Structure formats: structure tokens, C-alpha cells
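S.K.: Structural data only, the sequence is not supplied:
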């Protein structure tokens, strides 16, 4: 069965520091991969997606992610975080073979120190 | 352009009651999906509808049902509410199946 693992429940970084959020997935075929961000009380905003092609994907707000098939990983990175990046981040895999559902990880809460 | 809209924003119900949540997709989008997000967890897939037909169902009891209307808007119905149904219910739309999904702001349901 498809699944997504985000091993870090909470991460704290200082403003201006670099960031990497980890994500591992389990999926039988070539996956559709996503990173979403959710601010408190808000819906989900798509940061970036990988469907095929270049394994380094650029997204909005200065985020990027790299698809590594050999490691079943899709880690999210940002070279310098801003206080406004504090939010919940969800990695997800798209089960596009049948019913188009998206399977989410449990999320990583990002805290920013001033 | 307007994004996905959901109503109501917040809702408080008591156990055993019934609730209907509504979703309007982005104009031109024909697919609507519903997700449940319990506090502290990632969203979980409930249903997907495309062209008014159910295309997928998650692991939820029969108390949960949904439908899609000719204008592609959708309703999610939950009967015999339980305390555990308290959650943020998210609707997502996409132009067609196997396409990027855009999420609405959600409906916060509290069951007392």
C-alpha cells in the first residue's frame, strides 16, 4: 500500500538558516509527489510537485525538492528561512492509477527562532 | 479567479446529528475530492467525484456520503455524528482526473 513517512514531527531553525524537511514514500510505480504547506487554521497550499522529468523541482516561496528514486525520498529544502515560513508542512504522494487520491504524511511542524 | 470555496466555515453539532458540507470547485474543474483532517494529522481521503460519478472512496464508514451536482459543486454528508468526526474537512478540485488538486480553506466541524 502507498504510504508517506515524515520522520520529524517538529523542527526548529533560526531565521536565515537553511532548512531540510525529510520525506520518504512507499509506492509501486513512479509516484506523483507533492509538498503542501498549511498555516494555522488554513487550507493547504501547494509548494511544488513532481510528476516526471528533472528530479530537482523548484517551487514557490524559494522552496525546492529533490526526488531520489533509489532512496524513495522527496526532501524539501530552502536555503534561508523567514519567520513567515513557520507552518505545518505535508509531503504527499498521488495515487494516480485508480482514484486520483492524495496520500499525506502526518506533517512536520516548522518553528522559526528570531 | 475564485478558488475553491467551502461552506460553512465553522459548524458545531451534537452527537447523533446530521451535517452537510458544501464545496464549489474552481470554474471549469470537473473533479472534486473530500478529505478529513483530524487535529495533528495529515488529511485523509474520503471521496472523489468526477463528472457526477464517484471514482474513489477512502476507508470511511457508510455514515459518510457525497454527491456532485451538474454544476460540479459537491456536498459531503455525515450521519449519526460521533465525537471522532470533529475535524477540518477539506475539499479539493482539479480540472480532470490525474491532475493537480487545489484545496479550499476547509470547514471546521466540532461535534459535542
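M.R.: Done, it's in. What you see is a predicted model, and the numbers here were worked out from it, not measured in a lab.
S.K.: With adjacent residues omitted, what lies nearest to residue 101?
M.R.: Just going to use chain A. Nearest residue to residue A:101, sequence neighbours excluded (CB to CB, 6 or more residues apart in numbering or on different chains): residue B:45, at 3.9 Å. Placement of C-beta: from N, CA and C, glycine included.
S.K.: try chain B instead
M.R.: That would be residue B:92: by CB to CB, 6+ apart, it lies 4.0 Å from residue B:101.
S.K.: partner residues bridging that neighbour?
M.R.: Per DSSP bridges, the residues bridged to residue B:92 are residue B:33, residue B:103.
S.K.: Against residue B:4, how distant is it?
M.R.: Using CB to CB, to the nearest Å, we find residue B:92 at a distance of 7 Å from residue B:4.
S.K.: And for residue B:109?
M.R.: Distance, residue B:109 to residue B:4, by CB to CB: 17 Å.
S.K.: likewise residue B:52?
M.R.: 18 Å.
S.K.: Those two: who's more crowded?
M.R.: residue B:4 (22 against 14; other CB atoms under 10 Å in any protein chain shown).
S.K.: burial of the closest residue to chain A within chain B, as a residue count?
M.R.: Distance from chain A to each residue of chain B (CB to the nearest CB) is smallest for residue B:56, at 2.4 Å. Other residues lying near residue B:56 total 17 when counted by other CB under 10 Å.
S.K.: Assumed it was part of a strand.
M.R.: Yes: judged by DSSP: H, G, I helix; E, B strand; the rest coil, residue B:56 forms part of a strand.
S.K.: Could I get the contacting residues of the closest residue to residue B:29 other than its chain neighbours?
M.R.: The shortest distance from residue B:29 to any residue other than its chain neighbours is 4.0 Å, reached at residue B:93 (CB to CB, 6+ apart). Neighbouring residues of residue B:93 by CB atoms under 8 Å, 6 or more residues apart in numbering or on different chains: B:4, B:23, B:25-26, B:29, B:31-33, B:72, B:101-102, B:104.
S.K.: I'd like to know how far residue B:93 sits from residue B:101.
M.R.: Between residue B:93 and residue B:101 the computed distance is 7 Å (CB to CB).
S.K.: do the same with residue B:57
M.R.: For residue B:57, the distance to residue B:101 equals 16 Å [CB to CB].
S.K.: Next: residue B:84.
M.R.: Residue B:84 is 25 Å from residue B:101, where distance means CB to CB.
S.K.: Name the residue in these two with the higher neighbour count.
M.R.: Between residue B:84 and residue B:101, counted using other CB under 10 Å, residue B:101 has the larger neighbour count: 27 against 8.
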